[in-house]
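Asker: how would this look folded up:
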Amino acid sequence: MPTMSSTALKPVLLDRLVQSKVWGGHHLDAMFGIRSPDGQPIGETWELCDRPDNVSGLRSGGTLRDLMLADRRGLLGKDVRPAFGDRFPLLFKFLDAQTELSVQVHPDDAAAAAHGDGGKTEAWLVLQTLANARIVRGFQPGVTREQFEALAREPELEHLLYQFTPKVGDCIYVPAGTVHAIGPGAVIFEVQQNSDITWRLYDWGRKRTLHLEQGIPASRITNGALDPTVPPKALPDGGTLLTANPFFRMRRYALQQKFEAETKGAFLVVTVLGGQGTLGWQSGGADLPIRLRAGDCVLVPASTPSVFLSPIGSLDVALTDPARS
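Answerer: Numbers count the residues shown, from 1 in each chain. Okay, the predicted model is just below:
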C-alpha cells in the first residue's frame, strides 16, 4: 500500500478516460481537443473517477486510488464520507449526446446498496446545444404512478414524459429516482455521486434490454415542469452558484483576474470549461503552478488550504466540492 503524509498531498491534474459511443459525436474535439484514438464518435469522457473497473490516472504519476489508499482524510477532508466501497465520493464527465439516450433512472443509496454500489444523484451543466436539443426530466403535470406503471412498456409512455429544449448555461438537477434522458443535440458537463447503476425504462423503439423490474420501483413521480432547471444564484465573490444539493455544490466563475479559492477543509475539483490559465498554491517554491487548458480537471486535496486561479486572457471554471452542513 502506498504511504503518503497529508503534507505531501498537493493539487493534481487528472488524465481522462475516453469512451466511444454510437450515440456520441465530435463536439468535444472542437471544444476541448478531445479525440478518440480510432476516430469514432465520443459519447462521454470520465474526467475524475474512482471505480473498481476505471480509475483516473494522475499526470504526475500514480492514480486517484493510490491517493485514497494513502491518505483518505487528507484528500477528502475529515468530515467527508467516501462513496460505497471506500471510493472517492464523486464522478465527473463530459457527454456528447447527438442521438437520444434511453429514458432511465438511477437508484438512491438505499436501493443501490443491495446491488453493491452507491446511489446516483447528478447535475448537468449544458455547454452546447443544437437546434434539435432535448432533455427529459420527470413527468408531465398530473401524471400518476398508476399511469406510469400502466404505460411503462408502451410507446405511449413518451406522452407522459416532461421534455424541454435546454439552453446553454442551464443547470439541471437530477436527484436519484428521477426519470430522465439526455439528447439529442446536447453537450453536457456532469457531476454525479460515484455510482454506475443505470436502469433503462424506455428506449424510443430500439430493441435494447429494459430494466423495468428494478427501474419502476426506483422511479419517483417527479413533475418536471415545476423545476426542470436550477435558477442560478449570484455569489458575493463574483461567481454563480449552480447547485447545492445533499451530495455536492457546484459553482461557476468567469475569471478575468486572479482569484483565490479556499477549500475550507474539504476537497475541491476545478474543471476548466473554457479559456486558459494557471493554478498555484502555497508550496514554499517547491511546486510550479499547474497550466490549465480547456477541458482540464484538477483535484485539490482538503489539506491544501487554497489555490490561486490566474487567467491568461480569460478562464471559465466550475468549482465542485462536497455538500456543506
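
Asker: what domains does the record give for the protein?
Answerer: Per automatic domain parsing, the structural domains of the chain span 6-226, 233-322.

Asker: what ranges of the protein fall below the confidence cut-off?
Answerer: Within the chain, the segments meeting pLDDT under 70 span 1-7, 324-325.

Asker: burial measure for residue 206, as a count.
Answerer: Residue 206 has 10 neighbouring residues, counting by other CB atoms under 10 Å. C-beta: built from backbone N, CA, C; applies to glycine.

Asker: now the helices for the stretch 151-300 of the chain?
Answerer: In the stretch 151-300 of the chain, the helices defined using DSSP state H, counting those that start in this stretch lie at 212-218.

Asker: Just give me the residue closest to the centre of this structure.
Answerer: The chain has residue 191 as the residue nearest its centroid, 1.6 Å off, counting by CA atoms, centre = their mean.

Asker: Hmm, that residue is touching residue 245, no?
Answerer: No: under the criterion of CB atoms under 8 Å, residue 191 is not in contact with residue 245, lying 9.8 Å apart.

Asker: Residues that sit against both of these two, list them.
Answerer: Common neighbours of residue 191 and residue 245, counting by CB atoms under 8 Å, 6 or more residues apart in numbering, are residue 123.

Asker: Can you tell me the number of residues neighbouring the residue nearest to residue 296 when sequence neighbours are not counted?
Answerer: Nearest residue to residue 296 in three dimensions, chain neighbours excluded: residue 272, at 4.5 Å (CB to CB, 6 or more residues apart in numbering). Neighbour count for residue 272, taken as other CB under 10 Å: 21.

Asker: Now do the same contact list for residue 272.
Answerer: Residues near residue 272 by CB under 8 Å, 6+ apart: 292, 293, 294, 295, 296, 297, 315, 316, 317.

Asker: Give me the buried stretch members for the helix or strand encompassing the last one, please.
Answerer: In this structure, residue 317 sits in strand 306-322 according to DSSP states H and E. Residues of strand 306-322 classed as buried: 307, 309, 311, 315, 316, 317, 318, 319, 320, 321, 322 (neighbour count, 16 or more other CB atoms under 10 Å).

Asker: Output it as PDB - backbone C-alpha positions only.
Answerer: Provided in PDB are the C-alpha atoms of strand 306-322 (Å, rounded to 0.1, in the frame of the first residue of the first chain):
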ATOM      1  CA  SER A 306      -6.500  27.400  -1.000                       C
ATOM      2  CA  VAL A 307      -5.500  27.600  -4.600                       C
ATOM      3  CA  PHE A 308      -4.900  30.700  -6.900                       C
ATOM      4  CA  LEU A 309      -6.500  30.700 -10.300                       C
ATOM      5  CA  SER A 310      -4.800  33.100 -12.700                       C
ATOM      6  CA  PRO A 311      -6.400  33.500 -16.100                       C
ATOM      7  CA  ILE A 312      -4.300  34.000 -19.200                       C
ATOM      8  CA  GLY A 313      -6.800  36.200 -21.000                       C
ATOM      9  CA  SER A 314      -9.900  34.600 -19.600                       C
ATOM     10  CA  LEU A 315     -10.700  31.500 -17.600                       C
ATOM     11  CA  ASP A 316     -14.100  29.800 -17.200                       C
ATOM     12  CA  VAL A 317     -14.100  27.200 -14.400                       C
ATOM     13  CA  ALA A 318     -16.500  25.000 -12.500                       C
ATOM     14  CA  LEU A 319     -15.600  24.500  -8.800                       C
ATOM     15  CA  THR A 320     -17.100  21.500  -7.200                       C
ATOM     16  CA  ASP A 321     -16.900  20.500  -3.500                       C
ATOM     17  CA  PRO A 322     -18.800  18.200  -1.100                       C
END
